[in-house]
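A.B. asks: Got a predicted structure here, sequence first:
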Amino acid sequence: MPPRHLIVGGGTAGLNCIRTIREEEGSVASEITLVSAERPYSRMVLPYYLGQTIAESHVYTATPASLHAWNVKTMLGRRATGLDTANHTLTLDDGATVEFDDCLIATGSRAAKPPIAGVDGPGVHCFWTLDEARAVIAGVTPGSRVVMVGAGFIAFTILNAILSRGATLTIVEVAPRILPRMVDAACADIVARWLADHRVTVRTAATLTQIEEWRGKRKLSFAKGDPLLADVVIMATGIRTNLEWLEESGIETSAEPGGGILVDDHLRSSAKRVYAAGDVARGPNLLTGTLEVHAIEPTAQEHGRVVGANMAGRDVAYRGSLVMNIVEVAHLDVASFGQWEDAGAEVYTAVRPERSQYRKLLFRGGQLTGAVICGPAADIWTTNDVGMLKGLVSTRVDLSSWKAHLEQNPFDVKPAFLATRATARLLPMTILGRPSRSPELPQSVMVK
Amino acid sequence: MKILALHPEKCTGCLRCELACSYMQTGTYQPSKSVIRVSPLEGYTSYAPYTCTQCAEGWCMTACPVGAIAITAAGAKDVIDDKCVGCKLCTIACPYGTMFYDSDTAKAYKCNLCGGAPACADACPTQAITYEAVETADWLGDFAAERTAYVLAADRAGVRAGVA
């Protein structure tokens, strides 16, 4: 009998896992079952759906037809409620059970709202799932007054879309500055000034105390300062992993902030033949080896592919994930890599306030370990060498002889990248120990 | 498969490759839109063309959340415009710095080997860029290591003199 793989969660990690299983096994196919509360879609592109540059059909990463062609048995619209790791059985919300030989837990995360009066009221939304995106789309119309609570990466990914819908936008943040977990204070300052020039009001150090209905609008009150009125409130106040359903499974999770299922270098959980990937997995950081939840797309992709290869019988160890983010706000690019906030690092920065440009390079010894980038998207120098920074961080080439140059010219990374032969180190590097395939799968897969 | 082999010792810095590339890729003669880029080295006395290696991992391709980067018949990783949403994830995922974003079209773009007839190789008057069935390699590493002594020496002199 062919092995029975069970994938719980149809997001980035789950779909990458399924694709990789099929890539590895060629024409001899195992049995794959996908349990997913929603039809598979890419969260990463929901802001473009909100911004009306893509149709809703564009967000789906698989269709019933494509899953059928890939010979995946689907149980969509169903939630997992329990996992029996001894008997290899999953229980669903309708009481049904699914037996498996190995299982991937990839149930992702959800938006988390602070316990404040009124956050569950009408006109108050999150923006994390497709359903939430639909609700925001229905609510944000030309002339709408939108208040976004939280000035982190997620909030910034939908900033352009809200403006493009003709709404006015105010962002409130409890921290003293914006983007506290993505860039440093100097960069945040440049972004804040840019936003002020682009019709976005930012209010920092603002502690929301309650949201109430007032004459058909939402009234937001704060610990200090005037209240705000809004047609639509979007809570972008963080996320939480979807792990509650595993409480009785015995699978080890972390008690640290961010939580997550503890996994080894093959993304295996503490339970035999049970893997975890994506936002629910506390996997290794590429640079430090520390287990962390990154909750970013590239980590979920790599996790999913590594699990897929291992489920298909390969022995693929994972080196770890690099934290990286890029977001464009009103045509200003902001990106960060690796250990961009590190008190023990040697730091070189360059600021060109008149061009809204900022760059920060962080070194540990001769190695680049993190970077922050900011600049106008139309300025080719902003992101011209952005990938090379990732190359330098992930290969850990010795830049000792280049540090003086990079200290004086943090924008001139390319000669250092070329001369330290980072390319030679990069060329043999692959995640799965083989060349990657095109994203399309074989037209159809036959079960033996 | 055939790939672009780069021979920096033959490059004169004429930038014809950049013009040919930008014309093929975007229909305009704009070096800033070229996906092959010539770097000056050694105080503008040496030059080296640099472009996508069509690497085995295809970091751009595996990073794309909507499958908008695929392998073409020529063996190149290429952006499918209709699928690209312009999220820029590929530009930070590519560790070679050879994924670009066109703010005019709001799409990512990269070297696609011009469908098997690369305009840069065709335009190069000195065969510094050739299209050949060879293994991809770090074409520029040794050359750049040798031809950057000038800039490093200048930096050391600057540091000694206390020049920031």
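C.D. replies: That came through, no problem.

A.B. asks: When you work out contacts or count neighbours from here on, use the C-alpha atoms and nothing else.
C.D. replies: Noted.

A.B. asks: and stretch A:435-448, what's its mean pLDDT?
C.D. replies: On average, the pLDDT along stretch A:435-448 is 70.

A.B. asks: And the residue nearest the centre of chain B?
C.D. replies: B:T51 (2.0 Å; C-alpha atoms, centre = their mean).

A.B. asks: Show the model's pLDDT score for that residue.
C.D. replies: For B:T51, the predicted pLDDT is 98.

A.B. asks: confidence score at the residue nearest to it when sequence neighbours are not counted?
C.D. replies: In this structure, B:T51 finds its nearest non-sequential neighbour in B:I36, 4.6 Å apart by C-alpha to C-alpha, 6 or more residues apart in numbering or on different chains. What the model reports as pLDDT for B:I36 is 97.

A.B. asks: Can you report how many residues lie near B:I36?
C.D. replies: Using other C-alpha atoms under 10 Å in any protein chain shown, the number of residues around B:I36 comes to 23.

A.B. asks: Identify the residues contacting it.
C.D. replies: Going by C-alpha atoms under 8 Å, 6 or more residues apart in numbering or on different chains, B:I36 touches B:C17, B:E18, B:C21, B:P49, B:Y50, B:T51, B:C52, B:C111, B:C120.

A.B. asks: and the third one, that one's in a helix?
C.D. replies: Yes: residue state for B:C21 (DSSP: H, G, I helix; E, B strand; the rest coil) corresponds to a helix.

A.B. asks: Give the burial count for it, as a bare number.
C.D. replies: Counted with other C-alpha under 10 Å, the neighbours of B:C21 add up to 29.

A.B. asks: Show me where the stretch 301-448 of chain A dips below the pLDDT cut-off.
C.D. replies: For the stretch 301-448 of chain A, the stretches with pLDDT under 70 are A:441-448.

A.B. asks: make it 80
C.D. replies: For the stretch 301-448 of chain A, residues meeting the criterion pLDDT under 80 lie at A:380-381, A:384, A:441-448.

A.B. asks: Please, where are all the strands along it?
C.D. replies: Using DSSP state E, counting those that start in this stretch, the strands of the stretch 301-448 of chain A run over residues A:324-329, A:332-338, A:346-352, A:357-364, A:367-376.

A.B. asks: May I see those organised as a markdown table, with distance to chain B and mean neighbour count added?
C.D. replies: Shown next, in a markdown table, are the strands of the stretch 301-448 of chain A (distance: least, C-alpha to the nearest C-alpha, whole Å; neighbours: other C-alpha atoms under 10 Å in any protein chain shown):
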| stretch | distance to chain B | mean neighbour count |
| --- | --- | --- |
| strand A:324-329 | 7 | 22 |
| strand A:332-338 | 8 | 25 |
| strand A:346-352 | 11 | 16 |
| strand A:357-364 | 15 | 22 |
| strand A:367-376 | 10 | 25 |
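
A.B. asks: Figure out which of these is closest to B:A76.
C.D. replies: Of all the strands of the stretch 301-448 of chain A, strand A:324-329 sits nearest to B:A76, with 25.0 Å by C-alpha to C-alpha.

A.B. asks: Please export the C-alpha coordinates of the closest one as PDB.
C.D. replies: As requested, the backbone C-alpha atoms of strand A:324-329 are provided in PDB (Å, rounded to 0.1, in the frame of the first residue of the first chain):
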ATOM      1  CA  MET A 324      13.600  39.100   5.700                       C
ATOM      2  CA  ASN A 325      10.900  41.500   4.900                       C
ATOM      3  CA  ILE A 326      10.200  44.100   2.200                       C
ATOM      4  CA  VAL A 327       7.300  46.400   1.900                       C
ATOM      5  CA  GLU A 328       6.600  49.400  -0.400                       C
ATOM      6  CA  VAL A 329       4.600  52.200   1.200                       C
END
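
A.B. asks: What angle do strand A:367-376 and it make with each other?
C.D. replies: Between strand A:324-329 and strand A:367-376, the angle comes out at 10 degrees (axes from the mean of the first three to the mean of the last three C-alpha atoms, to 10 degrees).

A.B. asks: Quick one: list the elements packing against strand A:324-329.
C.D. replies: Contact partners of strand A:324-329 among helices and strands, from 3 or more C-alpha pairs under 8 Å, 6 or more residues apart in numbering or on different chains; DSSP states H and E: helix A:153-157, helix A:159-164, strand A:332-338, helix B:89-93.

A.B. asks: could I get those as JSON lines with distance to A:L83?
C.D. replies: What follows is the helices and strands packed on strand A:324-329, written out as JSON lines (distance: least, C-alpha to C-alpha, whole Å):
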{"stretch": "helix A:153-157", "distance to A:L83": "31"}
{"stretch": "helix A:159-164", "distance to A:L83": "39"}
{"stretch": "strand A:332-338", "distance to A:L83": "34"}
{"stretch": "helix B:89-93", "distance to A:L83": "34"}
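
A.B. asks: Out of these, which gets nearest to A:R134?
C.D. replies: helix A:159-164 (13.1 Å).

A.B. asks: picking that back up, any chance of the strands of the stretch 301-448 of chain A in CSV, plus distance to A:I137?
C.D. replies: Shown next, in CSV, are those (distance: least, C-alpha to C-alpha, whole Å):
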stretch, distance to A:I137
strand A:324-329, 19
strand A:332-338, 24
strand A:346-352, 37
strand A:357-364, 33
strand A:367-376, 28
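
A.B. asks: which residues touch the helix or strand A:E212 falls within?
C.D. replies: Using DSSP states H and E, A:E212 falls within strand A:208-214. Strand A:208-214 has contacts (C-alpha under 8 Å, 6+ apart) with A:I116, A:A117, A:G118, A:V119, A:G121, A:V174, A:R218, A:K219, A:L220, A:S221, A:F222, A:A223.

A.B. asks: let's see 7 Å
C.D. replies: With contacts defined as C-alpha atoms under 7 Å, 6 or more residues apart in numbering or on different chains, strand A:208-214 is touched by A:I116, A:A117, A:G118, A:V119, A:R218, A:K219, A:L220, A:S221, A:F222, A:A223.

A.B. asks: Please report the distance of the residue nearest to B:T51 from B:A48.
C.D. replies: B:I36 sits 10 Å away from B:A48, taking C-alpha to C-alpha, to the nearest Å as the criterion.
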